[in-house]
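**Student:** what's the 3D shape of this:
(2 chains)
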Amino acid sequence: MKTITKLATAAVLGTTLGTAAVAQELYVPNLAYRTGPFAATGIPLMNGQADYFTMLNERDGGIGGLTVNAEECETGYSTEKGVECYEKTKGKAIVTQPWSTGITLQVLPKTNVDEIPILAPGYGFSPMADGTVFQWAFNMPAGYWDAASMIVQYLEEEGSLEGKKVAFLHLDHPYGKEPLPLLETLSENKGFELLPIPVGLKEMQNQSAQWLQIRRERPDYVVMWGWGAMNAGAITEAVKTKFPMENFIGVWWAGHDADLRLVGEDGKGYKSISWSFPNLEAPVMQDIREHVIDAGLSNTNPEESSGVFYSRGIVISAILAEGIRTAQEEYGTAEIDAAQLRWGLENINMTEERITELGLDGMVPPFSTSCANHTGHSGGWMLEWDGEQFVKVSDLMNANTDTYQDLISAKATEYADENAPWPTNEECSATN
Amino acid sequence: MLYRTAGQFKTSYTADQALFPVRQDAILLGVILVFAYLIFPLTASEFAFQTLLIPILIYALAAMGLNILTGYAGQLSLGTGAFMGVGAYACYKLITIFPWMNPIVAILLSGVFSAGVGVVFGIPSLRIKGFYLAIATLAAQFFLVWLFEKWAWLYNYNASGAIQVPNLDIFGLYVSGPQAASVTQYYLVLGVVTLMSILCINLTRGNLGRTWKATRDMDIAAELIGINLMRSKLVAFAISSYIVGVAGALYVFMWKGAAEPNVFDIPLSFQVLFIAIIGGLGSILGNYLGAILIVGLPVVLNLVPSALGLPISSAMVEHLNVMIVGGLIIFFLIVEPHGLAQLWRLIREKLIIWPFPH
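**Tutor:** Numbering: from 1, shown residues only, chains lettered A, B, ... in the order given. Now for the predicted structure:
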């Protein structure tokens, strides 16, 4: 019986691998999560990503004449499924989009051996910014340390942070711990007291203990690194304990419209730093409405498609498409491979003009990458919930990257040493 | 038919007590071993190694460890995931403190740590039984995962709180980390699993196994016939946790490559427990069958729609997958409550007496 089962397994495997057709297309798989505990935040992002590529296929016939196959592989945010998806798609994929810090951490060392670019826009490991060490990893347009730096800058604009107390409410998970090294340095330099408050994965929905602590400690600000159910939990708890919402700031993954809609007017003043903005008047949004949504090719709904996360999905796909286009122009071929796409992603130059050309006006800040700089450090806007939707309340801010440049290279080198032998890009002469 | 036992006479007690009293069993095992050691490694793709062969073996090993405790010694445990974590973290610390250490030695040694922890959490089993013991092991589960999160020394003060497997080599051949070839890792896992299987089969057939079974079936009677219950239960905890710990070390070092504490949380314990229950408690073969059903089948099912060219979205496939596997689990448990191993035992029985059913 054991043999039979194994034989059947081998047979099914054989047929699948045998029939995988080699078609002329750009295969950019997405390790999506439309199921599982984080699905509520995943679905709008995935819809945005898919709709942008569908729009390109419908409007321009793909990129450079080749259609884009943005197939999804469902992970449910589980690392095991994520690795399964990575292995399944890596054969012909020119990029991998892991979509969770856990999956990113597992896939990161493998991409260096398999030589596939890993695109983790706005998430993942902050030292990935060092492109000479992390040759195959990209997290443009901005990383978590950029976010932390911009949030602290914004707080400073409201008055010196000297002697103030900032609570750092975060998911007790690699993702939530990511900005800690920078926040600790900043708290020393700026003289504010940092109070890290972890929220365990099991406590996401019930944060009464954490908010009791916040009430007792009376911090001047609460900075939140939350995700999935944790955001809604924190926001409702903040409303319940009457924490002044204008002093509550989240990272970009904590700025989901649906979470705020739960509290509506009471959430007024809550802020979230973001490198994307839903500009419904932007030409790209109109094209998507015309070619995708009205044509019935999308899974989205009107409420979702006006939100922050849907438009972030669009921006992510647009960045990837721009990388593909850059590579196609450089190598003079539409059918690029993974190594060529890496060059493309390393040479993105999103100027204001280019953003307007792409029809993304006001949806993403300008940024550019190089072989040394895989993040782009685009900067971002502070968004505020006005009771119905998120609006921009700041001009474009830029992170003080100088302050943590050394930290990036130190952590990157540390990672490379721990994972020796780790090939680095010796040819790259540009500085971060 | 295939299992005709006519003509296979036993002329000595030794022959009668052999591991395979029926010759066909030995042949079948030989075929399976040829597949496992030769045919699969030669034909399998990277995908098959990483999503089917290696995880099935590792989960089967973890379930085997649990089966010693729950299936043979009758002590219900819900802390398997945490004990796997102890093995994984112990291996990580061993490798980082003694970088010259042979990875195989480190993996086998890491089980010792989880055996120690297992014995400590097994002490309540001397006083409490059944569901109450399950609660005590649940406490181990929660406490240990909490410890993995909070004790920064365990993950070398890494900012992300996760452990990353370095590239390790044995005589120049990489066996773990991103540089290692899947086939090398597969052979290493297979070797360890084979070794542990031989150990378990012999342990459970021997004196110790009989002591465990007596403890499981009726502990008062066992005590009356002179079995030292404390020794029997604690040895079961130690050996079970040792195997589970080795499985945990393999899980991170030979397969995942990185792990954060919540990987070892209660869903992992349940998964291993389900493999043991569906495979068959009190059986070694069952662990493999259970692992194939619970770990392997979903991966294969995920491939079916695209192989047939059905245009189903991947989220839909995932939902269908959960439903199908769930349905199959219920089906198998209704058909044979004692698990897949018992199902195989019945099939084999029927084949032996075929064509004369009784």
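
**Student:** tell me which stretches of chain A form strands.
**Tutor:** For chain A, the strands defined by DSSP state E occupy A:26-27, A:68-69, A:118-119, A:137-138, A:165-171, A:193-199, A:221-225, A:248-250, A:271-274, A:349-350, A:367-368, A:381-385, A:390-392.

**Student:** contacts for the fourth one, please.
**Tutor:** Residues external to strand A:137-138 that are found in contact with it (Cβ atoms under 8 Å, 6 or more residues apart in numbering or on different chains): A:108, A:111, A:117-121, A:124-125, A:128, A:345, A:369, A:374-375. C-beta: built from backbone N, CA, C; applies to glycine.

**Student:** tabulate the residues you listed (CSV), appending neighbour count, distance to B:Ser283 and pLDDT.
**Tutor:** Listed next are the contacts of strand A:137-138 as CSV, based on neighbours: other Cβ atoms under 10 Å in any protein chain shown; distance: Cβ to Cβ, whole Å; pLDDT from 0 to 100:
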residue, neighbour count, distance to B:Ser283, pLDDT
A:Leu108, 24, 40, 86
A:Thr111, 24, 41, 83
A:Pro117, 26, 47, 92
A:Ile118, 26, 42, 92
A:Leu119, 25, 46, 91
A:Ala120, 25, 44, 90
A:Pro121, 26, 49, 89
A:Gly124, 29, 43, 81
A:Phe125, 23, 43, 82
A:Met128, 26, 47, 86
A:Leu345, 26, 52, 91
A:Thr369, 27, 56, 90
A:His374, 29, 52, 89
A:Thr375, 31, 53, 88
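
**Student:** and the two most separated of those?
**Tutor:** Taking Cβ to Cβ as the measure, those span a maximum distance of 17.7 Å, between A:Leu108 and A:Thr369.

**Student:** against A:Lys268, how distant is A:Ala234?
**Tutor:** Counting by Cβ to Cβ, to the nearest Å, the separation of A:Ala234 from A:Lys268 is 16 Å.

**Student:** equivalent analysis for A:Met46, please.
**Tutor:** When Cβ to Cβ is applied, the distance between A:Met46 and A:Lys268 equals 29 Å.

**Student:** these two - which one has more neighbours?
**Tutor:** For the pair A:Met46 and A:Lys268, the greater number of neighbours falls to A:Met46 (26 against 15), based on other Cβ atoms under 10 Å in any protein chain shown.

**Student:** list the contacts of the residue nearest to that one when sequence neighbours are not counted.
**Tutor:** If the residues on either side of it in the chain are set aside, A:Met46 comes closest to A:Ala32, at 4.5 Å by Cβ to Cβ, 6 or more residues apart in numbering or on different chains. The neighbourhood of A:Ala32, defined by Cβ under 8 Å, 6+ apart, consists of A:Gly42, A:Met46, A:Glu72, A:Cys73, A:Glu74, A:Thr75, A:Trp99, B:Ser314, B:Ala315.

**Student:** give me the pLDDT for the residue nearest to the first one when sequence neighbours are not counted.
**Tutor:** By the measure of Cβ to Cβ, 6+ apart, the closest residue to A:Gly42 outside its immediate chain neighbours is A:Tyr33, 4.1 Å from it. Note on A:Tyr33: pLDDT of 89.

**Student:** for A:Val22, same thing?
**Tutor:** The per-residue pLDDT reported for A:Val22 equals 47.

**Student:** same check, this time on B:Met1
**Tutor:** Predicted confidence (pLDDT) for B:Met1: 65.

**Student:** ditto for B:Pro267
**Tutor:** At B:Pro267 the predicted local distance difference test score is 90.

**Student:** so which elements touch the helix or strand hosting it?
**Tutor:** With elements delineated by DSSP states H and E, B:Pro267 resides in helix B:266-279, which encompasses its position. Taking 3 or more Cβ pairs under 8 Å, 6 or more residues apart in numbering or on different chains; DSSP states H and E as the contact definition, the neighbouring helices and strands of helix B:266-279 are helix B:54-67, helix B:80-97, helix B:130-150, helix B:285-291, helix B:314-335, helix B:340-353.

**Student:** average pLDDT across the first one?
**Tutor:** pLDDT averaged over helix B:54-67 equals 95, rounded to a whole number.

**Student:** repeat for stretch B:102-112
**Tutor:** The predicted model assigns stretch B:102-112 a mean pLDDT of 93.

**Student:** counting neighbours, which bits of it end up buried?
**Tutor:** The neighbour-count criterion (16 or more other Cβ atoms under 10 Å in any protein chain shown) identifies B:Pro103, B:Ala106, B:Ile107, B:Leu108, B:Leu109, B:Ser110, B:Gly111 as the buried residues of stretch B:102-112.
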